[in-house]
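Peer 1: Sequence and predicted structure below; questions after.
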Amino acid sequence: MELVAGCYEQVLFGFAARPDETWTVVPDFTHHAHSASLSAVAVNSRYVVTGSRDETIQIYDMKKKIEHGALLQHNGTITCLEFYGTAHLLSGAEDGVICIWNTKRWECLKSIKAHKGHVSSLSIHPSGKLALSVGTDKTLRTWNLVEGRSAFIKNLKQNAHIIKWSPDGEKYVTVITNKVDIYKLDTASITGTITTEKRISSLRFITDSILAIAGDDEIIRFYSCDSQKCLCEFKAHENRIKDIYSFEREGQHVIVTASSDGYIKMWNLDLNKIKDVPSLLCEVNTKARLTCLAVWLDQASEMKENSDKAATSSQANEDEKSSIVTKNKVCWTDKSNKTAKRKMKITPEKQKLEAPLQKKKKKRNSSA
């Protein structure tokens, strides 16, 4: 298990988390990933990808611990990255474009001009057939991923900056500044609204009906999607929280948080005692201004990610994936692919990820 976090200082951190009797976090690697600050990170069972203000997406092979290459399709800050299974990646950027990538050959299958302004956030439905995106053009757009086209456009009163599907795919939420609107899929109507005091920086579904929300402060709050009431709140950091991640391991629900104070913290959440403050499992100080966070789980171990797709059955998912991938080969090609392939030609880099953090500190001390 690897905690991966990006920061303003252009570095990607990797920490090996070891779930023994007491959890420990050990520095594994640091990599000067980009020429500008990191803005997004995503993981699947093999790869970690990072997006940056330098307009590139860097790929890391976590099995081999090497840099795999870079994707150069976008002309703007990369704002969002999300994998679907082992075969596809969606990326969004300030150029208003969403790209659909095949992660076997790292080809750009489709480049969609999604929004008139920036693409702020995107989320893939657990079935893999739909995606939602929000942008700075005050729209919420639904995408048919089987055919690679727009399915529906909803005008919003203000710009939303976060969109998320629930794990079961029956509801989704949008975030506009400090307000979370909860929508039902079958009616596409708002069923409830959660309002916080500060602007919301990150949001995560812990279950189909419980949201973890972090604002521009040190507090994490758990809310019920059904009653829209705050179930629990606790001070997690000394500075504002930038990102939340969650996963499930052997029945244990773990929340990981990253903050501007430089700390990454892991928390144990007991869903049976949701009103109790989660217990701190371990923490590590990166001494950097963190911006984004993910947890790479080695699929060989007995772990199940509590991602936004975890609720659907694995067999149904596999059947869904195989049918979608077959359709994708037919539908996700267009004339723009020729330019896409030429522009995105990934730069292969077999560079090893740098030695642990401690060695880097020694270098700094000696140079000082």
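Peer 2: That came in fine, so what should we check first? Quick caveat: nothing in here was measured; it's all calculated off a predicted structure.

Peer 1: quick one: Asp276 and Cys232 touch, right?
Peer 2: Yes - assessed by Cβ atoms under 8 Å, Asp276 is found in contact with Cys232 at 7.0 Å. All C-beta spots, glycine's among them, are computed from the backbone N, C-alpha and C.

Peer 1: And those two? Which one has more around it.
Peer 2: For Asp276 and Cys232, the more surrounded residue by other Cβ atoms under 10 Å is Cys232, and the numbers stand at 17 against 12.

Peer 1: Is the more buried one bridged to anything, and to what?
Peer 2: Beta bridges link Cys232 to Phe222, judged by DSSP bridges.

Peer 1: got the contact list for it?
Peer 2: Listed by Cβ atoms under 8 Å, 6 or more residues apart in numbering, the contact set of Cys232 reads Arg221, Phe222, Ile274, Lys275, Asp276, Val277.

Peer 1: Among the residues you listed, the buried ones, what's the ChimeraX command?
Peer 2: In ChimeraX, a selection of the buried entries from the contacts of Cys232 looks like this (16 or more other Cβ atoms under 10 Å):
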select :221,222,274
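
Peer 1: hey, where'd the helices end up in the stretch 1-150 of the chain?
Peer 2: Taking DSSP state H, counting those that start in this stretch, the stretch 1-150 of the chain contains no helices at all.

Peer 1: Which one of the contacts of Cys232 is nearest to Val180?
Peer 2: Using Cβ to Cβ, Arg221 comes nearest to Val180 of the contacts of Cys232, at 10.7 Å.

Peer 1: now that closest one: how far from Thr174?
Peer 2: 18 Å (Cβ to Cβ, to the nearest Å).

Peer 1: ditto for Val254
Peer 2: Val254 is 26 Å from Thr174, by Cβ to Cβ.

Peer 1: Hmm, Ser52 and Ser37 touching each other?
Peer 2: Yes - if you go by Cβ under 8 Å, Ser37 and Ser52 touch, sitting 6.6 Å apart.

Peer 1: Who has more neighbours out of the two?
Peer 2: Each of Ser37 and Ser52 has its neighbours counted (other Cβ under 10 Å); Ser52 has more, 24 against 18.

Peer 1: wait, what's in contact with Ala17?
Peer 2: Met1, Glu2, Leu3, Trp23, Thr24, Val25, Met266, Cys282, Val295 are the contacts of Ala17 under Cβ under 8 Å, 6+ apart.

Peer 1: Quick check: beta-bridge partners of it?
Peer 2: Val25.

Peer 1: I'd assumed Asp28 was in contact with Val284.
Peer 2: No - using Cβ under 8 Å, Val284 makes no contact with Asp28, being 10.9 Å away.

Peer 1: remind me which residues of the stretch 201-350 of the chain are low pLDDT?
Peer 2: For the stretch 201-350 of the chain, applying pLDDT under 70 flags the ranges 299-350.

Peer 1: Going by distance to Arg105, which of the contacts of Cys232 wins?
Peer 2: Phe222 (41.1 Å).

Peer 1: Max pairwise distance over the contacts of Cys232: which two?
Peer 2: Arg221 and Asp276, at 13.9 Å, using Cβ to Cβ across those.

Peer 1: hmm, back to that, any of the contacts of Ala17 buried? List them.
Peer 2: Buried, going by 16+ other Cβ under 10 Å: Met1, Glu2, Leu3, Trp23, Val25, Met266, Cys282, Val295, out of the contacts of Ala17.
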